[in-house]
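Chemist: Dropping the sequence and predicted coords here.
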Amino acid sequence: MSDDIRQQWRELVRAGVRNPDAPADDRYWCPELETIPREQLRRIQAERVVLAYQYLWQCSPFYREKFAKAGLSADSVRSLDDLQKIPVTRREEWLENQEAHPPWGTFSPLRQEDWTERGWMLFTTSGTTAAQPRVFRHTKHDRDLWSWLGARALYAMGVRNGDIAINCFGYGTSVAFWGLHYALNLMGVPVISGGGANTERRGFFIQTYRPTVLLCTPSYALYLGRVMQDAGLSPQESSIRMIVAAGDPGPCIPSTKQRIEELWHASLHDDFGCTEVAMSPLGYTCREQVRRTDAPVDVHLMEDVYLPEVLDPETMQPVPEGQSGVLVVSNLFSESQPILRYVMGDWISVTSEPCPCGRTHARAIGGLKGRNDELIKIRGLMFFPAVIEDSVRRLTEVGDEFRIEIRRVDDMDKIKITVEPSSQIPKGSYAPPQQRIARALKGSLGIDVDVELVPYGSLPRTQFKAKRLFDLRETPF
Ligand SMILES: [Zn+2]
């Protein structure tokens, strides 16, 4: 019985693959799916949601128990409308499940024999030394889908044969960028691995082997560019024409995007997902969006393989299109993690209005705004660190790194931003910018901030994901 459903699931997913090996034309890798009428898209999602539910019911002990607790039975999900009956899954539930059933937990339908017969790779979250990392196993089926989906996204961004990519991540057990590595393999675009090389060496690789596409986090694109400048190399005059960034919301923060694009004289694209539910690009930017300078860029959501929902964080009910809420995602292709309604927790608003590129898949307006747990609440106001980042990086005399500290002093919440002068401006050639930053932040946030200027090089350099917010209040509220 359970073997049938496993096979049925893989076959349904594979039957949905179009143009598995090469792009159909010079605009779209897969026009049939990328420009599909939205009602057909809903039909694809409906068929997959119904079968994914069956698959989880039969093959995942964690989900069968969770669904039964919610009063559902084996055939409770028969249409897309029934999706709302399915309880959402939160990160903590998987954590508890893996701790109770080490090392894998029981949420994945994957059995040991599937892993040893069709296994591809094991991934972990970064974790801390005290806690066990969370661990995920993926199969060759998943690898094939990740490559194909990554190729569709990279092609929409404008990666083509003739390009050479340099992938600046550690090639460790983190899921980050592995999917894009395999996608580049599928596309026939050669990859220079930056794994194991330090930043100076990566700069040397760029200068010497002349890659055209740089893959890294937005913070690292800034860091690498500055290290090259310090070494007397010019990122602007380098062979890099395009940057594919993931891991931080930078490409959708206008001033950060402008800084990176000017530093490299290259276009900056966004690719987002998450380890638990969206390991291949859930969101990607098209060329038409990235050319926009009038507003933050929108990011397409790959809706034939993911079902994104935008929910009110209090009621967990859907909000109308265009309104903000938290992102909940169903994975409609994975053999190991075909998860329904996982709370990614990022704030998002979505539009299905036509995009100039012709793709019909919905777009996250201005990308991901920040995670619900990063929302800064201070003196009755709520905002994401990205708002501060945008204000700080608009000031050209200020360096790339900054730090946000929130403390409670005499029952009053105080916010302090620490910045450095830019390395590109000769020392002593400008007035200290504290007051201007404070004024700019007062304009964008509506509150007073203290600004501290420290010498260039004092703040820690970010090489992967940035940690810039330090909320030092005992009970943040
Ligand atoms: Zn588009």
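Modeler: Sure thing, it's come through.

Chemist: OK, contacts around residue 287?
Modeler: 156, 157, 158, 267, 357 (Cβ atoms under 8 Å, 6 or more residues apart in numbering). All C-beta spots, glycine's among them, are computed from the backbone N, C-alpha and C.

Chemist: which of the residues in the helix or strand bottoming out on mean pLDDT in the chain are buried?
Modeler: Ranking every helix and strand in the chain by mean pLDDT, DSSP states H and E puts helix 434-445 at the bottom, with a mean of 83. Buried residues in helix 434-445, counting neighbours by 16 or more other Cβ atoms under 10 Å, are found at 434, 437, 440, 441, 445.

Chemist: tell me which element the residue in the stretch 101-250 of the chain positioned nearest to the ion is part of?
Modeler: Among the residues of the stretch 101-250 of the chain, residue 156 lies nearest to the ion; the distance is 7.3 Å by Cβ to the ion. Assigned by DSSP states H and E, residue 156 falls within helix 140-157.

Chemist: chain center to that helix: distance?
Modeler: 15 Å (Cα atoms, centre = their mean, to the nearest Å).

Chemist: Need phi/psi at the residue in the stretch 151-300 of the chain positioned nearest to the ion.
Modeler: Proximity to the ion, evaluated over the stretch 151-300 of the chain using Cβ to the ion, is greatest for residue 286 at 3.3 Å. When quoted as degrees, to the nearest 10, the phi and psi of residue 286 stand at phi -90, psi 170.

Chemist: Please apply the same query to the one 4 residues further on.
Modeler: With angles defined as degrees, to the nearest 10, residue 290 shows backbone torsions of phi -70, psi -20.

Chemist: follow-up on the earlier one: any idea how far the closest residue to the residue of the stretch 101-250 of the chain closest to the ion other than its chain neighbours is from residue 269?
Modeler: Closest residue to residue 156 apart from its sequence neighbours, by Cβ to Cβ, 6 or more residues apart in numbering: residue 286 at 4.9 Å. Applying Cβ to Cβ, to the nearest Å, one obtains 9 Å for the distance of residue 286 from residue 269.

Chemist: Overlap in contacts, the two.
Modeler: residue 157.

Chemist: Run through the residues that contact the residue nearest in space to the middle of the chain.
Modeler: Taking Cα atoms, centre = their mean, the centroid of the chain lies closest to residue 272, which sits 2.3 Å from it. Residue 272 is in contact with 246, 249, 278, 281, 282, 283, 284, 299, 367, 368, counting by Cβ under 8 Å, 6+ apart.

Chemist: mind listing which of the residues you listed are in helices?
Modeler: Using DSSP state H to define helices, no part of these is located there.

Chemist: out of those residues, which is most surrounded?
Modeler: Neighbour count (other Cβ atoms under 10 Å) singles out residue 281 as the most crowded of these, with 31 neighbours.

Chemist: Redo the buried residues of helix 434-445 as a markdown table? Include distance to residue 210.
Modeler: As requested, the buried residues of helix 434-445 are arranged in a markdown table below (distance: Cβ to Cβ, whole Å):
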| residue | distance to residue 210 |
| --- | --- |
| 434 | 42 |
| 437 | 38 |
| 440 | 39 |
| 441 | 41 |
| 445 | 43 |
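
Chemist: Looking at those residues, spot the one nearest residue 316.
Modeler: residue 445 (28.6 Å; Cβ to Cβ).

Chemist: Could you report the neighbour count for residue 352?
Modeler: By the other Cβ under 10 Å criterion, the neighbourhood of residue 352 contains 15 residues.

Chemist: So it sits against residue 38, correct?
Modeler: Yes: under the criterion of Cβ atoms under 8 Å, residue 352 lies in contact with residue 38, with a separation of 6.3 Å.

Chemist: Need the residues touching each of these two.
Modeler: Shared contacts of residue 352 and residue 38, defined by Cβ under 8 Å, 6+ apart, comprise residue 360.

Chemist: Flag every residue of this structure that's near the ion.
Modeler: Listed as neighbours of the ion in the chain under the rule Cβ under 5 Å from the ion: 286, 355, 357, 359.

Chemist: Could you export the residues you listed as TSV, including pLDDT?
Modeler: Conversion of these to TSV gives the following (pLDDT from 0 to 100):
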residue	pLDDT
286	98
355	97
357	98
359	98
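
Chemist: ok, and the most crowded of the residues you listed?
Modeler: residue 286 leads those on contacts (other Cβ under 10 Å) with 27 neighbours.

Chemist: Quick one: residues contacting that residue.
Modeler: Residue 286 touches 156, 157, 300, 355, 357, 359, counting by Cβ under 8 Å, 6+ apart.

Chemist: ok, now residue 153?
Modeler: Taking Cβ under 8 Å, 6+ apart as the definition, contacts of residue 153 comprise 183, 271, 280, 281, 284, 302.

Chemist: And the strands in the stretch 251-400 of the chain?
Modeler: In the stretch 251-400 of the chain, the segments counted as strands under DSSP state E, counting those that start in this stretch are 267-274, 278-284, 299-301, 306-311, 325-331, 342-348, 350-351, 363-364, 370-371, 376-378, 381-383, 398-409.

Chemist: what's the most buried one of those?
Modeler: Per residue and on average, the most neighbours among the strands of the stretch 251-400 of the chain fall to strand 278-284, with a mean of 28 (mean count of other Cβ atoms under 10 Å).

Chemist: mind giving me the domain split of the protein?
Modeler: Following automatic domain parsing, one finds the domains of the chain at 1-371, 376-471.

Chemist: just checking, which of the ones you listed sits deepest inside the structure?
Modeler: Between the domains of the chain, domain 1-371 has the highest mean count of neighbours, a mean of 19, where neighbours are mean count of other Cβ under 10 Å.

Chemist: shaky segments in the protein?
Modeler: Applying pLDDT under 70 to the chain picks out residues 1, 127-131, 425-432, 475-477.

Chemist: on contacts alone, who are the packing partners of the biggest helix by length in the chain?
Modeler: Among all segments of the chain classified by DSSP H, the helix with the greatest residue count is helix 38-59. Helix 38-59 sits against helix 2-15, helix 61-69, strand 325-331, with contacts defined as 3 or more Cβ pairs under 8 Å, 6 or more residues apart in numbering; DSSP states H and E.

Chemist: Show the subsequent helix or strand relative to the first one.
Modeler: What that stands for is helix 2-15. Counting by DSSP H and E, the element after helix 2-15 in chain order, helix or strand, is helix 31-34.

Chemist: Packing partners of the helix or strand containing residue 204?
Modeler: In the assignment (DSSP H and E), residue 204 maps to helix 199-209. Contact here means 3+ Cβ pairs under 8 Å, 6+ apart; on that basis helix 199-209 packs against strand 165-167, helix 218-230.

Chemist: Please export the C-alpha coordinates of the last one as PDB.
Modeler: Output of helix 218-230 as PDB, limited to C-alpha atoms (Å, rounded to 0.1, in the frame of the first residue of the first chain):
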ATOM      1  CA  PRO A 218      24.300  39.900  -0.400                       C
ATOM      2  CA  SER A 219      26.500  40.700   2.600                       C
ATOM      3  CA  TYR A 220      29.300  38.600   1.100                       C
ATOM      4  CA  ALA A 221      29.000  40.400  -2.300                       C
ATOM      5  CA  LEU A 222      29.800  43.600  -0.500                       C
ATOM      6  CA  TYR A 223      32.600  42.100   1.600                       C
ATOM      7  CA  LEU A 224      34.300  40.300  -1.300                       C
ATOM      8  CA  GLY A 225      34.100  43.500  -3.400                       C
ATOM      9  CA  ARG A 226      35.700  45.600  -0.600                       C
ATOM     10  CA  VAL A 227      38.500  43.000   0.000                       C
ATOM     11  CA  MET A 228      39.200  43.100  -3.800                       C
ATOM     12  CA  GLN A 229      39.400  46.900  -3.700                       C
ATOM     13  CA  ASP A 230      41.700  46.800  -0.600                       C
END
